[in-house]
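Participant: what would the 3D arrangement of this be:
(chains A and B, ligands or ions: 3)
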Amino acid sequence: MTTLPTATTKKLGLVIDLDTCVGCHACVISCKGWNTENYGAPLSDTDAYGGDPSGTFLNRVHSFEVKPPVLKDQPAPEAQLIHFPKSCLHCEDAPCVTVCPTGASYKRVEDGIVLVNESDCIGCGLCAWACPYGAREMDQVEKVMKKCTLCVDRIYNENLPEEDREPACVRTCPAGARHFGDFADPDSHVSKLSAERGGMDLMPEQGTKPVNKYLPPRPKDTLSEGAGDIDILAPYLEPVAQEAKGFLGWLDKTLEKL
Amino acid sequence: MHPAPSVIFFTVFSGIGFGLLTFLGLGFPNVTGWTAFAFFVIAYLCAVGGLISSTFHLGHPERALKAFTQWRSSWLSREGVCAVVALVTMALYGAGLVFFGQRWGILGLIGAIFSLLTVFTTSMIYTQLKTIPRWNSPLTPAMFLSYALAGGALLAGQVTWAMALLAVAAVVQVLLWAQGDGALAGSGTTLATATGLGAGGSVRAFEPPHTGTNYLLREFAFVVGRKHSMKLRVIAIVLMAVLPIALLAAPFTHVVALLAVVSHVAGALAARWLFFAEAEHVVGLYYGKR
Ligand code: SF4
Ligand code: SF4
Ligand code: SF4
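Facilitator: Ligands and ions are numbered 1, 2, ... in the order given. Model (predicted):
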């Protein structure tokens, strides 16, 4: 059924920390790798080594520039570069599910994961139209809709060592910018993290009620203020010759007198 | 949005076909025998031809029957159900007219209602999408219904009705354009809300996640041809409504009527191309596009 469950027992999802993400795209690659080799149709690439490469990904990392306003006390504010990983947010009010004519798209009652039953999908693409986040991509080879599965085939997989029973992207992130857990439990790691750091919804006005939360970047460090030196080694890097000698010295002095 | 030819043809022709079936179901024109047969063949060619062309953009058309199952929640599924009910009812009603010279009015009425419901459900597939603010308006179903009725009246040879309905369709279309131009800005969705980064200052897409293109850009960030949209709008309105009305005002001959139909269809196709090409999906914001 493509009607949404009124409530789910668990609310599994991710916290994505925009403060710590370094934009390395490791999660993109591990996601592609895991999901090509496991659940459902592989994520295809077309013309991978040609002039017009294109492929299916369930997780992508954008980069945005944030330019603070020019104010009296910050006449030349420094722009901040934010790396922004984006995968399905497993919305509570998922519009992608209700539009599906076949029942292929559904939200699980037990844990809230939004999945596609690929053998029912007719490849109409309407669910991708309904998702505001671009979290669904039609596979160009298999002609079925692909989306993040929250690594449903890892998180409950007893054949994997315990530490690997979390999404591939979370497991792989070298910066620890992705966290996995149950948002229905207020004492879970992700609930606490989100509460502490002001976890936010993307496009709240679309009314999708995303489960995944994004942690806003902290203000940029003000390097040029305060103590002055950037590095403890800086004193050793002082220029050895402060005064120009010879012809250049003469030129410097002469020009200064003019 | 990418203006897929199959979907443009489907919405225009099935709209006209179901519009004609509506008029036939209500008994305008009140024909029987071979004349009725000719009208029904045209109506079914348009309606069924449109439905078939809509399956061309499916990845797995062989599973299309599954699309009838989710009518409780999905407008696309409801469209399929309404279309089948309309086509089956109208086939029985048409058989009565053609083979038995009988007009089973109640069947015609049911068929006409389901024909209009089919057009309405089609329009709701687009209208329901909050992600495409330009479509997310009551004017979208008004546009689809007025086009279907105008085209149907034209094909049914109901000259007075056709002239009035063509004018209505033109007005609704212009209103939809006027409202649509401010819809994305009015929706409140911006790159700032999409990223949650607005509190820190102005947000700009710096680098996309991939160097090549992808499904999202092909499907949702279609911007080609928008710069000619004003000219195309004028052409569409003239062909879709102004010229056919002028032709219908002239003394009726079959050649003139045919010209009016051809002009109307060409204009409707152009307008429907714009309907897709001009529609901005909010996902484009993540790519700094609209
Ligand atoms: S992020 Fe998109 S695909 Fe995922 S549940 Fe929400 S609407 Fe559906
Ligand atoms: S593409 Fe597949 S999953 Fe998406 S709405 Fe169509 S049938 Fe459902
Ligand atoms: S949870 Fe799994 S499927 Fe989803 S983005 Fe992470 S690696 Fe990909």
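Participant: could you pull out the strands for the stretch 101-250 of chain A?
Facilitator: Remark: strands assigned in the stretch 101-250 of chain A by DSSP state E, counting those that start in this stretch are A:105-107, A:114-116, A:136-138, A:145-147, A:178-182, A:213-215.
Participant: tell me which other helices or strands the longest one touches.
Facilitator: Right, the one you point to is strand A:178-182. Counting by 3 or more CB pairs under 8 Å, 6 or more residues apart in numbering or on different chains; DSSP states H and E, the packing neighbours recorded for strand A:178-182 are strand A:12-17, helix A:168-172, helix A:189-197. Where you see a C-beta, it was placed from the backbone N, CA and C, and this is true even at glycine.
Participant: again, but for the first one
Facilitator: Contact analysis of strand A:105-107 by 3+ CB pairs under 8 Å, 6+ apart lists helix A:95-98, strand A:114-116 as its packing neighbours.
Participant: so can I have JSON lines of the strands of the stretch 101-250 of chain A showing distance to ligand 2, mean pLDDT and mean neighbour count?
Facilitator: As requested, the strands of the stretch 101-250 of chain A are exported to JSON lines (distance: least, CB to the nearest ligand atom, whole Å; pLDDT from 0 to 100; neighbours: other CB atoms under 10 Å in any protein chain shown):
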{"stretch": "strand A:105-107", "distance to ligand 2": "4", "mean pLDDT": "97", "mean neighbour count": "23"}
{"stretch": "strand A:114-116", "distance to ligand 2": "5", "mean pLDDT": "97", "mean neighbour count": "23"}
{"stretch": "strand A:136-138", "distance to ligand 2": "7", "mean pLDDT": "97", "mean neighbour count": "22"}
{"stretch": "strand A:145-147", "distance to ligand 2": "4", "mean pLDDT": "97", "mean neighbour count": "26"}
{"stretch": "strand A:178-182", "distance to ligand 2": "24", "mean pLDDT": "97", "mean neighbour count": "21"}
{"stretch": "strand A:213-215", "distance to ligand 2": "25", "mean pLDDT": "98", "mean neighbour count": "24"}
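Participant: just send the ones you listed back as CSV, with distance to A:E78 too.
Facilitator: Formatted as CSV, the strands of the stretch 101-250 of chain A follow (distance: least, CB to CB, whole Å):
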stretch, distance to A:E78
strand A:105-107, 42
strand A:114-116, 39
strand A:136-138, 35
strand A:145-147, 37
strand A:178-182, 26
strand A:213-215, 21
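Participant: what's downstream of the helix or strand hosting B:Y147, the next helix or strand?
Facilitator: Per DSSP states H and E, B:Y147 falls inside helix B:139-155. Using DSSP H and E, the next helix or strand after helix B:139-155 towards the C-terminus is helix B:159-180.
Participant: okay, how far is it across stretch A:52-67, tip to tip?
Facilitator: 33 Å (CA to CA, to the nearest Å).
Participant: for that stretch, the distance to its chain's centre please.
Facilitator: Distance of stretch A:52-67 from the chain centroid (CA atoms, centre = their mean, to the nearest Å) equals 9 Å.
Participant: related to what we said a few turns ago, most packed of the helices and strands packed on strand A:178-182?
Facilitator: strand A:12-17 (a mean of 25; mean count of other CB atoms under 10 Å in any protein chain shown).
Participant: neighbouring strands of that strand in the sheet, and parallel or not?
Facilitator: strand A:178-182 (antiparallel), strand A:213-215 (parallel) (DSSP bridges).
Participant: pull out the buried positions in the helix or strand of chain A with the lowest mean pLDDT.
Facilitator: For chain A, the helix or strand with the lowest mean confidence is helix A:246-257, at a mean of 81 (criterion: mean pLDDT, DSSP states H and E). Residues of helix A:246-257 include none that count as buried (16 or more other CB atoms under 10 Å in any protein chain shown).
Participant: what residues does it touch?
Facilitator: A:243-244 (CB atoms under 8 Å, 6 or more residues apart in numbering or on different chains).
Participant: distance of B:S54 from B:A64?
Facilitator: According to CB to CB, to the nearest Å, B:S54 stands 10 Å off from B:A64.
Participant: comparing those two, which residue is more hemmed in?
Facilitator: Between B:S54 and B:A64, counting by other CB atoms under 10 Å in any protein chain shown, B:S54 is the more crowded of the two (25 against 17).
Participant: list the contacts of the residue nearest to the more buried one when sequence neighbours are not counted.
Facilitator: Distances taken as CB to CB, 6 or more residues apart in numbering or on different chains place B:F10 nearest to B:S54, at 3.7 Å, with adjacent residues excluded. B:F10 is in contact with B:50-51, B:53-54, counting by CB under 8 Å, 6+ apart.
Participant: can you rerun that using 6 Å?
Facilitator: By CB atoms under 6 Å, 6 or more residues apart in numbering or on different chains, the contact list for B:F10 reads B:50, B:53-54.
Participant: that one in helix, strand or coil?
Facilitator: Under DSSP: H, G, I helix; E, B strand; the rest coil, the three-state class of B:F10 is helix.
Participant: got the angle for the host helix or strand of B:F275 vs helix B:159-180?
Facilitator: Following DSSP H and E, one finds B:F275 within helix B:254-277. Helix B:254-277 and helix B:159-180 are oriented at 20 degrees to each other (axes from the mean of the first three to the mean of the last three CA atoms, to 10 degrees).
Participant: and the helices and strands packed on strand A:178-182: which comes nearest B:V283?
Facilitator: Among the helices and strands packed on strand A:178-182, the nearest to B:V283 by CB to CB is strand A:12-17 (17.5 Å).
Participant: check whether the closest one contacts ligand 1.
Facilitator: No - judged by CB under 6 Å from any ligand atom, strand A:12-17 makes no contact with ligand 1; its nearest approach is 9.9 Å.
Participant: and that strand, what's its mean pLDDT?
Facilitator: When pLDDT is averaged along strand A:12-17, the result is 98.
Participant: next secondary structure after that strand?
Facilitator: Next element after strand A:12-17 (DSSP H and E): helix A:26-37.
Participant: tell me where the stretch 51-200 of chain B has helices.
Facilitator: Here the stretch 51-200 of chain B has its helices, by DSSP state H, counting those that start in this stretch, at B:75-99, B:105-127, B:139-155, B:159-180, B:183-187, B:191-195.
Participant: still on that earlier bit, so which of the helices and strands packed on strand A:105-107 gets nearest chain B?
Facilitator: Comparing the helices and strands packed on strand A:105-107 by their distance to chain B (CB to the nearest CB), the top pick is helix A:95-98, with 4.7 Å.
Participant: how far does the closest one sit from the chain's center?
Facilitator: Counting by CA atoms, centre = their mean, helix A:95-98 comes out at 22 Å from the chain centroid.
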